[in-house]
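Engineer: Quick one, structure for this:
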Amino acid sequence: MEESSLLPTLLWLLVPLLFGAALYIYFGATLMIIARKTDTSGAGLAWIPIANLYLMCKIGRRPGWWFLLLLIPLVGLIALPILWMSIAEMRGKPAWTGALLIVPVIGLVIPAYLALGPNTSPALAAGGFQPRKCLACGNEIVADETFCRMCGEAALTMVASKPVEEKPRTSTGQMVAIGGGVGVAVLLIFGIIGWLALTSIFAYAAPERQPPEIPERTQGTLEEFPVDTDKEDPLAPEVVSTEDLQDKIAENSGENEKQVNKRLPPGLTRDDLRDRDGKTITTTVYRPRRRQKDQQPTGKEDIYISVVRIPSKNGDPIAVNIAQKTGGDRTGTKVQSPRGGSYTGSKIQSDDVLIYVLEKQGSDILIIIYTPNRSMRDDATRLAQNVGNGRGLNDYPETRQTVWTLPQKPPNQLTLAGFKTTTRAELGLSQSDLDSAGKNEDERKLIEYFSQFIPERIIEARYRDSAGKEWTAGVFDYDSAGRAWRTWLFLDWTLGFSGKKISLKHGSGFYADTDDGKKNLFFQKGPYLIFIQAPSTAGTNQLVAFADGFQI
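Structural biologist: Numbering: from 1, shown residues only. Predicted coordinates:
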């Protein structure tokens, strides 16, 4: 790790250690002084953890086992102010001042307040105690006690051979009332502060987003998708992928090829489109919205739609190949869009599949609608009749919630080369999958714990800078600011030591260099967790400018 990134980490660890050491010295010194000024033996115990709690009981003239009460949650919150009220009385101060010890900020000055001033120990004020007994119950009064530890009655001190009753001690009931009241007040203060802090962390309002700046040839593919007009159960695009077919880096991605080929009908592959001089392709899967998001897709309700930028007159050859591969009947079809576009092409139908291959007249747009399910044929036909009837994918909230989180105008001359959206269910990590994965109770609990770190949706985007270098970005949508924040804390705890903190428009993030020289940046806001990877040639300022552009 570079020295520049190591120094902030060391300071982050050193400052709280120094502050804790200063508090330890301060508390130990003041407690030792208070012990000596109240003629309490064992003042050196002030420097020993746990033992100093026993010393506090001795100073306040409370039974030694009281220190156990201080170790019990909630009970200790009441016992501690009572004990310090007793210590305040032994120093001749009003009892209620001791209860202020547990009040934030004010409590820091209470030990010093009780330690300063002349010795007010009742034993020294009276010139020393003689062995004596309680007048109420006969129990022996030990050392410099000012009350009977058996019955609580005030002791008598001999001054000038005349019994004089010492100042009555605040009753235990009064101390419990005061200590409990202060404890409850402190809990309320911390509760309100914690609630306000969490509210500010989890409060999130999405900004007014704009569609990201996409190259014209790709933007056109997004706008040609149909908007379903079914009133009862409309279909919606659940996952989207777009790429440049001539991009050599994308060409080497086996995962991209597998996904695109799955959404293309038999007899057509991504390589076929590239060989026909296809430029860009956008594919998506339309599914009923009623399908629960925590259920893994079965494919039985899927309709695959692809929009390709490819030279005109390719529609017929592609349709012929598909008909030969599927053995389906091929007939001509035409669609007139209400927005003015005219689409002509082929309808291919067999026992197994229904496929539409439509070319937009006067353009290089080719639309392919494909369903392998007989039950979805009517839906596929309805979508085919609706091509070009709106703004395409931009009319769907699913797109605005994912794709539109990308920067509208990326800085540094970056150009969006392609993106892919994925859902939790699409990854095979739906809730039903996770539930069935656990074979026993311990496994299920472990799976349930880690499932909170799995986002509901992901968009992976690839950019090119002016030098042709690739930038990648991932937007992880958790649907909940709380889940995203907990994931961020986990990443900060596990990966934060390998990077350094960096200030961003959206808050703070952490930055780290990889072994191969690339630059990584993580940050979180609202329900989103963002990851950016830049080439080694990118500057930190360029990385920050890109991060600040995300619409989250």
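
Engineer: I'd like the distance between residue 55 and residue 259.
Structural biologist: Taking CB to CB, to the nearest Å as the measure, residue 55 and residue 259 are separated by 70 Å. In this view, the C-beta of every residue, glycine as well, is placed from N, C-alpha and C.

Engineer: With residue 274 instead?
Structural biologist: 15 Å.

Engineer: Could you check which of residue 55 and residue 259 has the larger neighbour count?
Structural biologist: Set residue 55 next to residue 259 and count neighbours by other CB atoms under 10 Å: residue 55 wins out with 24 against 18.

Engineer: Which residue, other than its chain neighbours, is closest to that one?
Structural biologist: residue 45 (4.1 Å; CB to CB, 6 or more residues apart in numbering).

Engineer: Could you report the neighbour count for the one you found?
Structural biologist: By the measure other CB under 10 Å, the count of residues near residue 45 is 21.

Engineer: same deal with residue 23?
Structural biologist: With other CB under 10 Å as criterion, residue 23 counts 11.

Engineer: Which helix or strand contains it?
Structural biologist: Element membership of residue 23, judged by DSSP states H and E, is helix 3-37.

Engineer: Equivalent analysis for residue 322, please.
Structural biologist: Short version, using DSSP H and E: residue 322 is in helix 315-326.

Engineer: Let's check: the centremost residue of this protein is which one?
Structural biologist: In the chain, the residue lying closest to the centroid (CA atoms, centre = their mean) is residue 485, at 1.7 Å.

Engineer: Wait, a helix at that one?
Structural biologist: Yes. Checked against DSSP: H, G, I helix; E, B strand; the rest coil, residue 485 lies within a helix.

Engineer: Quick one, grab the pLDDT at it.
Structural biologist: Residue 485 carries a pLDDT value of 89.

Engineer: I'd guessed it sits against residue 527; true?
Structural biologist: No. Shown here, residue 485 and residue 527 do not form a contact pair, counting by CB atoms under 8 Å, at 9.0 Å.

Engineer: isn't residue 77 right up against residue 185?
Structural biologist: No. Checked against CB under 8 Å, the pair residue 77 and residue 185 is beyond contact range at 10.8 Å.

Engineer: and the two? which has more neighbours close in?
Structural biologist: residue 77 (18 against 13).

Engineer: quick one: the residue nearest to the more buried one when sequence neighbours are not counted from residue 74, how far?
Structural biologist: Nearest non-adjacent residue to residue 77, counting by CB to CB, 6+ apart: residue 183, 4.3 Å away. As for residue 183, its distance to residue 74 is 8 Å (criterion: CB to CB).

Engineer: again, but for residue 515
Structural biologist: Distance from residue 515 to residue 74, by CB to CB: 49 Å.

Engineer: more crowded one of the two?
Structural biologist: residue 74 (9 against 5).

Engineer: Please identify the buried residues of the helix or strand that the helix holding residue 322 is followed by?
Structural biologist: Once the chain leaves helix 315-326, the next helix or strand it forms, by DSSP H and E, is strand 329-336. Of the residues in strand 329-336, 330, 333, 335 count as buried by neighbour count, 16 or more other CB atoms under 10 Å.

Engineer: Just give me how far the helix or strand just after strand 329-336 sits from the chain centre.
Structural biologist: Where DSSP H and E defines the elements, the next helix or strand beyond strand 329-336 is strand 342-349. Strand 342-349 has its C-alpha centroid displaced from the chain centroid by 47 Å (CA atoms, centre = their mean, to the nearest Å).

Engineer: helices or strands next to whichever helix or strand comes after strand 342-349 in the packing?
Structural biologist: As assigned by DSSP H and E, the chain's next helix or strand after strand 342-349 is strand 354-360. Judged by 3 or more CB pairs under 8 Å, 6 or more residues apart in numbering; DSSP states H and E, strand 354-360 is in contact with helix 315-326, strand 329-336, strand 342-349, strand 365-371, helix 377-385.

Engineer: Residue 79 - that's part of a helix, no?
Structural biologist: Yes. Counting by three-state DSSP, one finds residue 79 located in a helix.

Engineer: pretty sure it is touching residue 66, no?
Structural biologist: Yes. Counting by CB under 8 Å, residue 79 touches residue 66, with 6.6 Å between them.

Engineer: neighbour count winner among these two?
Structural biologist: Neighbours were counted for residue 79 and for residue 66 using other CB under 10 Å; residue 79 has more, 24 against 18.

Engineer: which residue packs closest to the more buried one, ignoring adjacent ones?
Structural biologist: Leaving aside its sequence neighbours, residue 79 sits nearest to residue 69 (CB to CB, 6+ apart; 4.0 Å).

Engineer: what separates the strand or helix carrying the one you found from the chain centre, distance-wise?
Structural biologist: For residue 69, the host element (DSSP H and E) is helix 66-70. Distance, stretch centre to chain centre, for helix 66-70: 38 Å (CA atoms, centre = their mean).

Engineer: helices and strands around that helix, which ones?
Structural biologist: On a contact count with 3+ CB pairs under 8 Å, 6+ apart, helix 66-70 meets helix 51-59, helix 75-90.

Engineer: helix or strand right after the helix-or-strand element of the chain with minimal mean pLDDT?
Structural biologist: Every helix and strand in the chain was compared by mean pLDDT, DSSP states H and E; the lowest is strand 162-165, with a mean of 42. For strand 162-165, the succeeding helix or strand toward the C-terminus, using DSSP H and E, is helix 172-202.

Engineer: Helix 75-90 and that next one, what's the angle between them?
Structural biologist: Orientation of helix 172-202 against helix 75-90 (axes from the mean of the first three to the mean of the last three CA atoms, to 10 degrees) gives an angle of 130 degrees.

Engineer: average pLDDT for helix 172-202?
Structural biologist: 76.

Engineer: From what I see, residue 345 and residue 333 are in contact.
Structural biologist: Yes. Judged on CB under 8 Å, residue 345 makes contact with residue 333 at a distance of 6.1 Å.

Engineer: list residues touching both of those two?
Structural biologist: Counting by CB atoms under 8 Å, 6 or more residues apart in numbering, the residues touching both residue 345 and residue 333 are 356, 358.

Engineer: Please state the offset of stretch 531-550 from the chain centre?
Structural biologist: With CA atoms, centre = their mean, you get 21 Å for stretch 531-550.

Engineer: Nothing else from me, thank you.
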